[in-house]
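A.B. asks: take a look and give me a structure for this.
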Amino acid sequence: MRVAGSNTKARNEKGIALFLVLWVLALLSVIVGEFCHAMRAEVNITRNFKEQTEAYYAARAGLMQAIVELIVLETTPPKRVTAGEAGLTEEDEEDEEIEWRINVEIPDVPFGTGSFSVLIGNEAGKFNINEANQSMLRLMLSRFDIDDTEKNIIVDSIQDWRDEDDLHRENGAEDDYYQSLPEPYNAKNDKFESVEELLLVKGVTPEIFQGGLKDIVTVLTEDDDKTLPTGLRKRKSSNKKSGFSYNKINVNYAPPEVLASLPQMTADLVSEIVEFRKEKDMTTADLKEIVGVDVYADIGPYVTASASAKSPFFTIGSSGKAQGGLVSHRIEVVLQIDVKSETKYKVLQWKDRG
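C.D. replies: The predicted structure is shown next:
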């Protein structure tokens, strides 16, 4: 009996020992698993940070290359840039040429282990609410589903907002109207400093603004000297640059939404113009051929296709991608090209989209 008891006790002790060993092994497995998970997470975080950094600097490289091309465009005749000049190897692109043009998506350009793509816009393709005359302001509102009374209110109120006097037009508004609002303020009686300022103007509702108005207007004017006191700033109706007018839309730089605002401009005609511009900038003759004589007779007073009819203000969107293209970063910049200045350009707005 004593021997049997000893065997039972020994087996119990072995069972307890086995249990403890299994418990320790399970605990170690959990610890090792947690360690591996933490290490994997840290590796992923490090890799993501590395790729995000690569994508950011690829986007910056695209931005700086675009600025260089714009300066060259303003100082020399148009030129084509070979793949080698842009940093591509023969294996990458087999000497494919890259043409840096406004309003045309620049194809992916290799940079390091990643790449960048660029789109350059020019403000001559938008309605300038600081300088546009009454006809252009009415044209700006033509594609919105509002009646003529509402259009008259907005057009007159924009002009009252930016002029220097306190006399309102027939459908416009000055201090007496704005002071009667639940949250009163005064009419500015000066130029718009931002597109968002339109929301303060009588008749401009958030629905109209967010429904497309904000995307087709600009406030940038070369003749405005913000260093002078209000009322003493230069106020001119046309740019110093030869051939450029604030009351003409350059069809080569206009987004589809602006083209759709032109008289008799159908969706099919807009698509034809956009497709044509992918290959080359159009001339007046090209435009006439696409839209026809009758339509051109209506849109002619509002448009130009001249290469010299260009605003000094540009928008650049540069998207950088890391290796594999899964991580990207976008930089959007508004700048002024001034070849007479020391730096040749001035950044007015910078947005990192991440």
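A.B. asks: tell me the buried residues in stretch 331-339?
C.D. replies: 331, 332, 333, 334, 335, 336, 337 (16 or more other CB atoms under 10 Å). (Glycine included, C-beta is placed from N, CA and C.)
A.B. asks: for the stretch 1-150 of the chain, which spans come out with low pLDDT?
C.D. replies: Residue ranges of the stretch 1-150 of the chain with pLDDT under 70: 1-14, 43-46, 77-97.
A.B. asks: show me the helices in it, by range?
C.D. replies: 2-75, 90-93, 134-140, 148-162 (DSSP state H, counting those that start in this stretch).
A.B. asks: what's downstream of the last one, the next helix or strand?
C.D. replies: What it means is helix 148-162. Using DSSP states H and E, the helix or strand that follows helix 148-162 in sequence is helix 175-178.
A.B. asks: any chance you could list what contacts the helix or strand following that following helix?
C.D. replies: Later in the chain than helix 175-178, the nearest helix or strand by DSSP H and E is helix 206-210. Here helix 206-210 makes contact (CB atoms under 8 Å, 6 or more residues apart in numbering) with 144, 146, 154, 198, 199.
A.B. asks: average pLDDT for helix 206-210?
C.D. replies: Mean per-residue pLDDT for helix 206-210: 96.
A.B. asks: before we move on, the earlier item: nearest to residue 314, of the helices of the stretch 1-150 of the chain?
C.D. replies: Closest to residue 314 of the helices of the stretch 1-150 of the chain is helix 2-75 (CB to CB; 6.1 Å).
A.B. asks: and the closest one, how far from the chain's centre?
C.D. replies: Put simply, helix 2-75 sits 38 Å off its chain's centre (CA atoms, centre = their mean, to the nearest Å).
A.B. asks: that helix - contacts with which helices or strands?
C.D. replies: The criterion is 3 or more CB pairs under 8 Å, 6 or more residues apart in numbering; DSSP states H and E, and the helices and strands that helix 2-75 contacts are strand 106-111, strand 114-122, strand 313-321, strand 328-337, strand 345-352.
A.B. asks: now residue 47: how far from residue 59?
C.D. replies: Separation of residue 47 from residue 59 (CB to CB, to the nearest Å): 19 Å.
A.B. asks: how about residue 153: what's its closest non-neighbour residue?
C.D. replies: Spatially, and ignoring its direct neighbours in sequence, residue 153 is nearest to residue 203 (3.9 Å; CB to CB, 6 or more residues apart in numbering).
A.B. asks: same question, residue 129
C.D. replies: Looking at residue 129 with CB to CB, 6+ apart, the closest residue is residue 217, at 5.1 Å.
A.B. asks: need the helices of the stretch 1-150 of the chain in a markdown table (columns: mean neighbour count and distance to residue 297).
C.D. replies: Listed next are the helices of the stretch 1-150 of the chain as a markdown table, based on neighbours: other CB atoms under 10 Å; distance: least, CB to CB, whole Å:
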| stretch | mean neighbour count | distance to residue 297 |
| --- | --- | --- |
| helix 2-75 | 13 | 32 |
| helix 90-93 | 12 | 44 |
| helix 134-140 | 18 | 15 |
| helix 148-162 | 20 | 23 |
